[in-house]
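Engineer: sequence first, predicted coordinates after that:
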Amino acid sequence: MSETVIKTNKLTKRFGDFVAVDEISFEVHKGEIFGFLGANGAGKTTAMRMLCGLSSPTSGEATVAGFDVFTQPEEIKKNIGYMSQKFSLYEDLTVLENIQFYGGIYGLTNKEIKEKSAELTEKLGLHKEAKKLVRALPLGWKQKLSFLVAIVHQPKIVFLDEPTGGVDPSMRREFWDLIYDAADKGITIFVTTHYLDEAEYCNRVTIMVDGKIEALDSPSGLREKFGVAKIDEVFYKLARQAKRSAD
Amino acid sequence: MAAIELKNITKTYNKGSILAVDDVTFSVNKGELFGLIGPDGAGKSSLFRILTTLLIPDKGTATVGGCDVVKDFKKIRHIVGYMPGRFSLYQDLTVEENLNFFATVFNTTIKENYDLIKDIYVQLEPFKDRRAGKLSGGMKQKLALCCALIHKPEVLFLDEPTTGVDVMSRKEFWEMLKRLKQQGITIMVSTSYMDEATRCDRIGLILNGKVLSIASPEGTILSYPEKLYAVKSQNMHKLLTDLRSFRNTVNCYTFGEYLHLSISCSEEAVKEYLNEKGFSELVFLPAIPTVEDCFIRLLKEQNERNSNKDK
């Protein structure tokens, strides 16, 4: 079996009486595309923030890229990429300035930043827009750019929180081409989405309900297990059991 | 009478350098659920803002409920409900305070129009003392819809109301829209979820500021001009790459569990090619196009036309 890059054991996060993430245990392997599904409020973002070293767990264990989430969050941050649903790029910087900025933050040399800038604008076909403010780019382009920026330092893992929200069907597929590309290069992808067709593009998928992992398998495995034709139906079956309202 | 009518509407930004809406003409019937789909930057939000009197068009005329969007803007503001793409309620007011605020602004009360929002509001009621900013995505959308409905509008404009909302909540949201439609409210809605587009009476496809086609979902699908196949194998990513480099492939893209493929050769020729490439457990079926396929096809066609123009 290939190398394990994320391992959790009964990982839990409480906010007062509220158990946002409830004893989740799973492993993710190198180069895998791991889909993390669940209704709004199921605990996905909280779980992801713990794995990124941004939020300290209440109990349980977890290692990410070989580092402990309790004791080595700073090491984790250096070895991962993170693209959040709300904020990803500086709108009032240009495309090139954003690449330079993130390259600099992640400790790339000037030479590396120069190479990366050329590579990314080439890859996205953004030559004409390179000196434009990010604000002026359509959403789909912004999302593609922020993904490439999130992996500018060649992290072991990249966490993507609803990267394709509001993006049109064509552009979503272009985004997934980039994901596949990165996975082929050995970067592990941890991704959440509300587009259930995208669940099919993952190697394995988890479905979270009320803070717990209720299902974890390959898309075809899940369909078989639940005896349904589409992932959507697995999702409906599980989400309907939810007691916690999406508050 | 049409509930919404646009004639040659054009809108530019930056002193005419950006053409956002390009000579758009169409109408929406009273009581119709009309969907607007198109890529980012196609001009959807500009159209919404023109129709809700928040933007003045450069050229053309438009009416909503028979009122002119420029001359009668004050009247229009009373008869339309608008849910913009970005969450625009007061984050630091509670659920109830927000609703009260919007009711008061329109000179009405929650009580007066409660029957219209009841189905939605009962789900929000347990959180009525929570600040709007602290609600989840699905709940925020429900509250925004309530606020847009509280003055009993004739026409409802919803700009991507379900972005970032999970499947269950989206389903509920569309069931609500159906009920509102049954009460005679005209609804114009934009979305990036193609399954939602299928639930509209008619859909308009918009690209580069132009409305390219308007038809019922069934009509849109029926107009799909070529054969479409669904293909599946063990290694999906390799299958995609190999099919894309096949010389007779017109288009190939992921589609859930399958790839969707259109070709300019015989079915046998492409199967032979895949056999040579050594694909095992190949599934090759005819596929029924969906609105999503139509969208992708139209976009590709348009992009090719544009890139030819550039040359």
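Structural biologist: Ah, there it is. Residues are numbered from 1 along each chain as shown, chains lettered A, B, ... in the order given.

Engineer: quick one, domains of chain B?
Structural biologist: B:2-216, B:229-310 (automatic domain parsing).

Engineer: what about the shortest one, near chain A?
Structural biologist: Yes - using Cβ under 8 Å from any Cβ of the partner chain, domain B:229-310 comes into contact with chain A via B:236-237, B:253-257, B:292, B:295-296, B:299-300. Quick note: C-beta positions are derived from backbone N, CA and C, even for glycine.

Engineer: show me where the stretch 101-250 of chain B has helices.
Structural biologist: Using DSSP state H, counting those that start in this stretch, the helices of the stretch 101-250 of chain B run over residues B:114-124, B:137-149, B:167-182, B:194-197, B:217-222, B:236-245.

Engineer: a markdown table for those, including mean pLDDT and mean neighbour count?
Structural biologist: Output for those, formatted as a markdown table (pLDDT from 0 to 100; neighbours: other Cβ atoms under 10 Å in any protein chain shown):
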| stretch | mean pLDDT | mean neighbour count |
| --- | --- | --- |
| helix B:114-124 | 90 | 16 |
| helix B:137-149 | 91 | 24 |
| helix B:167-182 | 91 | 18 |
| helix B:194-197 | 93 | 22 |
| helix B:217-222 | 94 | 16 |
| helix B:236-245 | 93 | 17 |
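
Engineer: closest to residue B:205 out of these?
Structural biologist: Nearest of the helices of the stretch 101-250 of chain B to residue B:205, taken as Cβ to Cβ: helix B:217-222 at 7.7 Å.

Engineer: which element is residue 85 on?
Structural biologist: In the absence of a named chain, this looks at chain A. Under the assignment given by DSSP states H and E, residue A:85 is not contained in any helix or strand.

Engineer: I was after chain B.
Structural biologist: Using DSSP H and E, residue B:85 maps to neither a helix nor a strand.

Engineer: and the closest residue to residue A:83 other than its chain neighbours, how many neighbours does it have?
Structural biologist: Once flanking residues are discounted, residue A:83 sits nearest to residue A:150: 4.4 Å by Cβ to Cβ, 6 or more residues apart in numbering or on different chains. Per other Cβ atoms under 10 Å in any protein chain shown, the neighbour tally for residue A:150 reads 24.

Engineer: need the contact list for residue A:150.
Structural biologist: A:81-83, A:88, A:102, A:158, A:160 (Cβ atoms under 8 Å, 6 or more residues apart in numbering or on different chains).

Engineer: for residue A:5, which residues are in contact?
Structural biologist: A:28-30, A:64-66, A:156-157, A:188.

Engineer: what's the separation between the residue nearest to residue A:83 and residue B:57?
Structural biologist: Distance of residue A:150 to residue B:57, computed by Cβ to Cβ, to the nearest Å: 39 Å.

Engineer: same deal with residue A:226?
Structural biologist: To residue B:57, residue A:226 is 51 Å away according to Cβ to Cβ.

Engineer: quick revisit: give me the subset of the contacts of residue A:150 lying in strands.
Structural biologist: A:81-83, A:158, A:160 (DSSP state E).

Engineer: can you put the residues of domain B:229-310 next to chain A in TSV and add distance to residue B:104?
Structural biologist: Shown next, in TSV, are the residues of domain B:229-310 next to chain A (distance: Cβ to Cβ, whole Å):
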residue	distance to residue B:104
B:236	55
B:237	56
B:253	50
B:254	49
B:255	48
B:256	47
B:257	51
B:292	42
B:295	41
B:296	46
B:299	44
B:300	49
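
Engineer: buried ones among those residues?
Structural biologist: B:236-237, B:253-257, B:292, B:295-296, B:299 (16 or more other Cβ atoms under 10 Å in any protein chain shown).

Engineer: residue A:53: which of those is nearest?
Structural biologist: For these, the nearest to residue A:53 is residue B:237 (30.1 Å; Cβ to Cβ).

Engineer: for the residue nearest to residue B:239 when sequence neighbours are not counted, list the residues it contacts.
Structural biologist: Spatial nearest neighbour of residue B:239, excluding adjacent residues (Cβ to Cβ, 6+ apart): residue B:233 at 4.7 Å. Residues near residue B:233 by Cβ under 8 Å, 6+ apart: B:239, B:274, B:279-283.

Engineer: so which of those residues wins on neighbours?
Structural biologist: Within these, neighbour counts (other Cβ under 10 Å) peak at residue B:239, which reaches 22 neighbours.

Engineer: doesn't residue B:44 make contact with residue B:209?
Structural biologist: No - using Cβ atoms under 8 Å, residue B:209 is not in contact with residue B:44, being 9.8 Å away.

Engineer: on that earlier part again, lowest-confidence entry in the contacts of residue B:233?
Structural biologist: Among the contacts of residue B:233, residue B:280 carries the lowest pLDDT, at 79.

Engineer: confirm that that residue sits in a helix.
Structural biologist: No - the assignment for residue B:280, made by DSSP: H, G, I helix; E, B strand; the rest coil, is coil rather than a helix.

Engineer: you'd agree it is up against residue B:232?
Structural biologist: No - checked against Cβ under 8 Å, the pair residue B:280 and residue B:232 is beyond contact range at 11.4 Å.

Engineer: before we move on, the earlier item: ok, the residue nearest to residue A:83 to residue B:279 distance?
Structural biologist: 33 Å.
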